[in-house]
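**Student:** need a structure here:
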Amino acid sequence: MDTEIYSFALKNALNEVRNICPDIKNSFMFRKDGEIIAGDEATPEKAMVRVANAFHGILEKAEAIGGVGGVTFEGSKGRANISCVNDLYLVTVTSRKADMKYVNTVTRVLIPTALRLLEKIHPAPLKSKQPQPEIPIVKESEEPKETLEPEIEPELPPLEPSANQLIVEDLGGLLLYARWSDTVRIDYETLSQWQETYNRKKIKKVEIETFEGKTMQYKVKPIKDSKRKGIIQMPEKILLDLEIKKGEPVRVKPVVE
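**Tutor:** Next comes the predicted model:
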């Protein structure tokens, strides 16, 4: 089962949970690294990305005390609950008057059941065993027989660059010179990971895609502050080009030449 089918099955499960429990207004699931796995039909993708990125920072700090099993945020109009389910995180947003005992019962039964079913129909692929060439036994009066060399597997094509979800920061007055107006800045760790993935090729440009579908390429430099992770810094000109603002998420991937 590929990723799209897996996400589609989880999306249907989340929609069914909302049908059974109308007090649940929104729900979606994401991985520890912030990757969105699936969301119901009522939740915008941009909102899911914002929540996952915000919670990613909490998870990093919580590792020192053994991790987080769940967190609940209460507001004047409702509650947001984030709980760990089989190495994934489930987010549910409910009304203020929701019966949380019933909500928790529904989510803790249906979602883990759906995940177990998906795991059963998606077993880990078996490793193919390559037959080893036989070593001929040579007798004194016999000449060694010619053995066939094992076939060399064809070289795999290069990986298609994958996109990271980053949050936009405005560089403001830091880059006033015209020569930096077409350059964005990303943390050194992300750039290093890309270089390792793509045979240590130096990443000189990145492709930025907004959630409105606008895509453009720009030069890239590392952020000097090593603690600034999960963000992309842009000068005012690029913000105007992409028609985005500070705090919005974008998809960013390396341009591998």
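**Student:** and the helices in the stretch 101-250 of the chain?
**Tutor:** In the stretch 101-250 of the chain, the helices defined using DSSP state H, counting those that start in this stretch lie at 188-197, 236-242.
**Student:** quick one, domains of this structure?
**Tutor:** When the chain is parsed with automatic domain parsing, its domains come out as 3-120, 164-254.
**Student:** for the stretch 51-200 of the chain, what spans make up the strands?
**Tutor:** 70-74, 78-85, 88-95, 164-170, 183-187 (DSSP state E, counting those that start in this stretch).
**Student:** closest one to residue 242 among these?
**Tutor:** strand 164-170 (8.6 Å; Cβ to Cβ). C-betas here are computed from N, CA, C, even on glycine.
**Student:** packing partners for that closest one?
**Tutor:** helix 45-62, strand 231-234, helix 236-242, strand 249-254 (3 or more Cβ pairs under 8 Å, 6 or more residues apart in numbering; DSSP states H and E).
**Student:** pLDDT on the longest one, on average?
**Tutor:** By that I understand helix 45-62. Throughout helix 45-62, pLDDT has a mean value of 78.
**Student:** what sits up against it?
**Tutor:** 26, 28, 30, 32-36, 39, 67-68, 71, 80, 82, 89, 91, 165, 167, 211, 230, 248-249 (Cβ atoms under 8 Å, 6 or more residues apart in numbering).
**Student:** buried deepest among the helices and strands packed on strand 164-170, which one?
**Tutor:** strand 231-234 (a mean of 22; mean count of other Cβ atoms under 10 Å).
**Student:** what helices and strands are in contact with that strand?
**Tutor:** When contacts are defined as 3+ Cβ pairs under 8 Å, 6+ apart, strand 231-234 packs onto strand 164-170, strand 183-187.
**Student:** show me how far that strand is from its chain's centre.
**Tutor:** On the basis of Cα atoms, centre = their mean, to the nearest Å, strand 231-234 sits 18 Å off its chain's mean C-alpha point.
**Student:** looking at that strand now, give me its mean pLDDT.
**Tutor:** 90.
**Student:** at the geometric centre of the protein, which residue do we find?
**Tutor:** residue 35 (2.6 Å; Cα atoms, centre = their mean).
**Student:** please tell me how far that residue sits from residue 49.
**Tutor:** 10 Å (Cβ to Cβ, to the nearest Å).
**Student:** try residue 237
**Tutor:** 24 Å.
**Student:** okay, now the unreliable bits of the stretch 1-150 of the chain?
**Tutor:** Within the stretch 1-150 of the chain, the stretches with pLDDT under 70 are 1-3, 57, 59-69, 118-150.
**Student:** still on that earlier bit, so which of the helices of the stretch 101-250 of the chain gets nearest residue 109?
**Tutor:** Short answer: helix 188-197, nearest of those by Cβ to Cβ, at 38.0 Å.
**Student:** and that closest one with strand 249-254, angle?
**Tutor:** Counting by axes from the mean of the first three to the mean of the last three Cα atoms, to 10 degrees, helix 188-197 lies at 40 degrees to strand 249-254.
**Student:** I'd like the average pLDDT over helix 188-197.
**Tutor:** On average, the pLDDT along helix 188-197 is 85.
**Student:** name the residues of that helix that are buried.
**Tutor:** 188, 190-191, 194 (16 or more other Cβ atoms under 10 Å).
**Student:** by how many degrees do that helix and strand 183-187 diverge?
**Tutor:** Here helix 188-197 runs at an angle of 90 degrees relative to strand 183-187 (the same axes, to 10 degrees).
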